[in-house]
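Student: Please work out how this folds:
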Amino acid sequence: MATPNVSVRNRTSGSVYIGDTNQVTGEFVSIDSLDDTTKFEVLTGNQTGLNNATSGSAPAIPKGTTIDGIFSAIKLHAGRVIAYRK
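Tutor: This is a model prediction of the structure:
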C-alpha cells in the first residue's frame, strides 16, 4: 500500500480567530479561510497580491483555503479566518 503524502505544519505557537474588521497584528505564518466569501488584506507581509487590497477589490478566499507566508498585520473585510502564529 502506498504511503500518503501528508504535510504537517508546526503550529505550536497558537492561533488567533479573526471574525471582525479590526486590524490584527502579530507574527503569523498561515491563514485559514472559514467561509467561502472571506476577504482580507495583508497590510504587511510577503504575499504582495493581497497587499493594499480594498474591501471591494480584495480576492475572495474560499472556505478551506490556506495561505502560507509571513504576515504581521491582517485586516478582515468579510468572512472569518484563523491566523496561525509563527
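
Student: just the strands in the protein please.
Tutor: Using DSSP state E, the strands assigned to the chain run over residues 15-18, 24-33, 39-45, 66-78, 81-85.

Student: Same list, those strands, but as TSV with distance to Pro59, mean pLDDT and mean neighbour count please.
Tutor: All C-beta spots, glycine's among them, are computed from the backbone N, C-alpha and C. As requested, those are arranged in TSV below (distance: least, CB to CB, whole Å; pLDDT from 0 to 100; neighbours: other CB atoms under 10 Å):
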stretch	distance to Pro59	mean pLDDT	mean neighbour count
strand 15-18	17	95	16
strand 24-33	11	92	18
strand 39-45	7	77	20
strand 66-78	10	89	17
strand 81-85	13	94	20
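
Student: any chance of the ones you listed in JSON lines, plus distance to Ala60?
Tutor: Listed next are these as JSON lines, based on distance: least, CB to CB, whole Å:
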{"stretch": "strand 15-18", "distance to Ala60": "16"}
{"stretch": "strand 24-33", "distance to Ala60": "9"}
{"stretch": "strand 39-45", "distance to Ala60": "6"}
{"stretch": "strand 66-78", "distance to Ala60": "8"}
{"stretch": "strand 81-85", "distance to Ala60": "12"}
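
Student: Measure how buried Thr21 is and give me the count.
Tutor: Thr21 has 11 neighbours, counted by other CB atoms under 10 Å.

Student: And the pLDDT at it?
Tutor: Thr21 is assigned 91 on the pLDDT scale.

Student: which residues does it contact?
Tutor: By CB atoms under 8 Å, 6 or more residues apart in numbering, the contact list for Thr21 reads Lys75, Leu76, His77.
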